[in-house]
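Visitor: What follows is a predicted protein model with its sequence.
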Amino acid sequence: MSGFVFLPLPLAGEGWGEGQPKAGRRLFLRCWPTLAIALAALAGCAVGPDYQRPETPAPAQFTRQPLAATKGSEHGPAQQWSPGASISQTWWQMFGSPALDTRVERALAHNPDLQAATAALLQARENVAAQRAAFFPTAQLGYTPSRQREAVGTLSPSLESGAAIYTLHTAQLTISYAPDVFGLNRRTVEALAAQADNQRYQLEAARLTLATNVVNASIEEAALRAQIEAIQAVIDAQTHALAILHDQFRLGHASALDVAAQEGALAQARQALPPLEKQLQQNRDLLAILCGDTPDQAGAPQFDLEHFTLPVTLPQGVPSQLVTQRPDVRAAEENVRAASAQVGVAVANRLPQFTLQGAYGGSSTAFARMFAADNLFWSLAGSVSQTLLDFGALAHQQRAAEAALRQAAAQYRGAVLAAFQNVADALYAIDADAHALAAADDAERAAARTLELTGKQQQLGYVDALTLINAQQAYQQARVARIQAQAARLSDTAALIQALGGGWQDS
């Protein structure tokens, strides 16, 4: 930090005395910036710690063992890993659904939570700009007219004319400046700038989360519609089977027990339909709200599983780059930066505070003579203050700021670990989903073949109605399981993109 600079101030007779208004004005204008520059030169450093990114784990890979290409099946191709592949800012287009693209873009344009996050970012940036203004002097111009009467019977009149009633016009320019000697303002600006960056990354995280939620809700809508269609097909088949049993019962080829069992199976199938329809309607409400619409504006369902394309090439990510790709991790890092700057603020508050203030103006009973030679006044003052006794308040505030820094650093490390876990979980989920979908495809084909053969045998009288009911239930379960596995593979692909941070870096 630079040393103190002492400036010689003018003595009486060098501009301070009466009768020298022009010299005094020149001296005021000369001394003020000179003092300001001299005290600003004292600000050679900013106290407190300079920010350093906390150390975090740096694993060589996300999973315990490298993952091979996923298994392909009838309803999902094999997926290849590409560790160095970049993620597009419009990553949802990889699912090949124009309806999904339109829905995501509408959500990004109209979602109120995203609009709130945008406003919060603008607010934070304006706070930074407002605090930066403290680096410069503040100038205020004031004009004060007053009408007054003095008690001349008791007090001597203020005016040379001796008038008791008069109007006084006063105009004054005041300039004040607080030199940032120990970096108090610089650390405050640093903290606010970190908070602004935190808001920026929170906005990017909100955009990524919103897009992922729209993608997942769209996939869920398609899966629910497919499950409803599957159960409706089962209901139709069981209704047809019940009609056949009624005919066989009238002819004596089926018992009342067979008819009752089929009626129970049909009722159970119908019972499974309302919960799925409720979920579908609620999911459509969710999609409408995500897009900034009311539920009555949801429109007709528009997503089918067949309209989604499963990406065959997936980014696997690089662990060393994850801390810079995840917006939530970057936001947590900016919290550390802000907490580090707040320690500097707390330290600077314990050191002397300097201020400079100058005033120049005129006062007269006649408005036009306010700045006449004999009506001018000016002043130049400086002050320094140092807290001597506060019973440890400032020291405790510094220790609190240091504890907040340790807390933010720990939270940042936790965010980094959570990011590694999210990516690893998504990678394992995609690999498991591929095996699950392949098994579900095999089970559905086997159940469909079994149902077909059982239906023919039941019509010929070789098997009873209970056997057909069991085959129908097995096929229903297999088809629904396949739909759920197909949807899970799509959703977990979106989860991987979210875990890797999306493509916000291209924005």
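Guide: Arrived safely, thanks for sending.
Visitor: can you tell me which residues contact residue 498?
Guide: Residues near residue 498 by CB atoms under 8 Å, 6 or more residues apart in numbering: 208, 209, 212, 422. Every C-beta, even on glycine, is put in place using the N, C-alpha and C of the backbone.
Visitor: wait, which of those residues is closest to residue 243?
Guide: Ranked by distance to residue 243 (CB to CB), those are led by residue 212 at 46.5 Å.
Visitor: by contact count, what packs against the helix or strand hosting that closest one?
Guide: Assigned by DSSP states H and E, residue 212 belongs to helix 184-251. In terms of contacts (3 or more CB pairs under 8 Å, 6 or more residues apart in numbering; DSSP states H and E), helix 184-251 is packed against helix 98-110, helix 112-132, helix 256-271, helix 273-290, helix 327-348, helix 393-460, helix 465-499.
Visitor: Can I get the second one in PDB? Just the C-alpha atoms.
Guide: Listed next in PDB are the C-alpha coordinates belonging to helix 112-132 (Å, rounded to 0.1, in the frame of the first residue of the first chain):
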ATOM      1  CA  PRO A 112     -42.900 -16.600 -15.400                       C
ATOM      2  CA  ASP A 113     -40.100 -18.200 -13.300                       C
ATOM      3  CA  LEU A 114     -37.600 -17.600 -16.100                       C
ATOM      4  CA  GLN A 115     -38.800 -14.000 -16.400                       C
ATOM      5  CA  ALA A 116     -38.400 -13.600 -12.700                       C
ATOM      6  CA  ALA A 117     -34.800 -15.000 -12.900                       C
ATOM      7  CA  THR A 118     -34.100 -12.600 -15.800                       C
ATOM      8  CA  ALA A 119     -35.300  -9.600 -13.700                       C
ATOM      9  CA  ALA A 120     -33.200 -10.800 -10.800                       C
ATOM     10  CA  LEU A 121     -30.100 -10.800 -13.000                       C
ATOM     11  CA  LEU A 122     -30.900  -7.200 -14.200                       C
ATOM     12  CA  GLN A 123     -31.400  -6.100 -10.700                       C
ATOM     13  CA  ALA A 124     -28.000  -7.600  -9.600                       C
ATOM     14  CA  ARG A 125     -26.200  -5.900 -12.500                       C
ATOM     15  CA  GLU A 126     -27.700  -2.500 -11.700                       C
ATOM     16  CA  ASN A 127     -26.600  -2.900  -8.000                       C
ATOM     17  CA  VAL A 128     -23.000  -3.500  -9.300                       C
ATOM     18  CA  ALA A 129     -23.200  -0.400 -11.400                       C
ATOM     19  CA  ALA A 130     -24.600   1.600  -8.500                       C
ATOM     20  CA  GLN A 131     -21.800   0.500  -6.200                       C
ATOM     21  CA  ARG A 132     -19.200   1.400  -8.800                       C
END
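Visitor: Next, the angle from it to helix 184-251.
Guide: Between helix 112-132 and helix 184-251, the angle comes out at 180 degrees (axes from the mean of the first three to the mean of the last three CA atoms, to 10 degrees).
Visitor: tilt between helix 112-132 and helix 98-110?
Guide: Using the same axes, to 10 degrees: helix 112-132 against helix 98-110 is 40 degrees.
Visitor: Would you mark the buried spots in helix 112-132?
Guide: By neighbour count on 16 or more other CB atoms under 10 Å, the buried set for helix 112-132 is 114, 117, 120, 121, 124, 125, 127, 128, 131.
Visitor: Pull the contacting residues for residue 220.
Guide: Contacts of residue 220 by CB under 8 Å, 6+ apart are 279, 283, 487, 491.
Visitor: circling back: out of the contacts of residue 498, which one sits closest to residue 465?
Guide: Relative to residue 465, the closest of the contacts of residue 498 is residue 212; by CB to CB it sits at 46.9 Å.
Visitor: Test my guess that that closest one contacts residue 497.
Guide: Yes - using CB atoms under 8 Å, residue 212 is in contact with residue 497, at 7.4 Å.
Visitor: Between these two, which is the more surrounded one?
Guide: The residue with more neighbours, out of residue 212 and residue 497, is residue 497; 24 against 20, by other CB atoms under 10 Å.
Visitor: ok, and the closest non-adjacent residue to that one?
Guide: Distance criterion CB to CB, 6 or more residues apart in numbering; nearest residue to residue 497, sequence neighbours excluded, is residue 91 at 5.1 Å.
Visitor: And for the one you found, the neighbour number?
Guide: Neighbourhood size, residue 91 [other CB under 10 Å]: 24.
Visitor: One more: residue 189?
Guide: Residues near residue 189, counting by other CB under 10 Å, number 23.
Visitor: how near is it to residue 372?
Guide: Residue 189 sits 44 Å away from residue 372, going by CB to CB, to the nearest Å.
Visitor: Find the helix or strand that the residue in the chain sticking out farthest from the centre is a member of.
Guide: What lies farthest from the middle of the chain is residue 153; by CA atoms, centre = their mean that is 71.5 Å. Following DSSP H and E, one finds residue 153 outside all helices and strands.
Visitor: Kindly provide the distance from it to residue 365.
Guide: Going from residue 153 to residue 365 by CB to CB gives 21 Å.
Visitor: Could you do residue 500 as well?
Guide: To residue 365, residue 500 is 76 Å away according to CB to CB.
Visitor: Of these two, which one has the most company?
Guide: Between residue 500 and residue 365, counted using other CB under 10 Å, the more crowded position is residue 500 (27 against 15).
Visitor: surely the more buried one meets residue 327?
Guide: No - checked against CB under 8 Å, the pair residue 500 and residue 327 is beyond contact range at 11.2 Å.
Visitor: Just the buried residues of the host helix or strand of residue 147, please?
Guide: For residue 147, the element it lies in under DSSP H and E is strand 138-149. Across strand 138-149, burial judged by 16+ other CB under 10 Å covers no residue at all.
Visitor: Residues in contact with that strand: which ones?
Guide: Outside strand 138-149, the residues within contact range by CB under 8 Å, 6+ apart are 164-177, 367.
Visitor: Report the two of these separated the most.
Guide: By the measure CB to CB, 164 and 177 form the most distant pair in the contacts of strand 138-149, at 40.6 Å.
Visitor: how much space between the residue nearest to residue 337 when sequence neighbours are not counted and residue 130?
Guide: Here the nearest residue to residue 337 in space, its sequence neighbours aside, is residue 194; by CB to CB, 6+ apart that works out to 3.9 Å. Residue 194 sits 16 Å away from residue 130, going by CB to CB.
Visitor: Same question for residue 331.
Guide: Note on residue 331: its distance to residue 130, by CB to CB, is 22 Å.
Visitor: pLDDT weak spots in the stretch 401-507 of the chain?
Guide: The model of the stretch 401-507 of the chain has pLDDT under 70 over residues 506-507.
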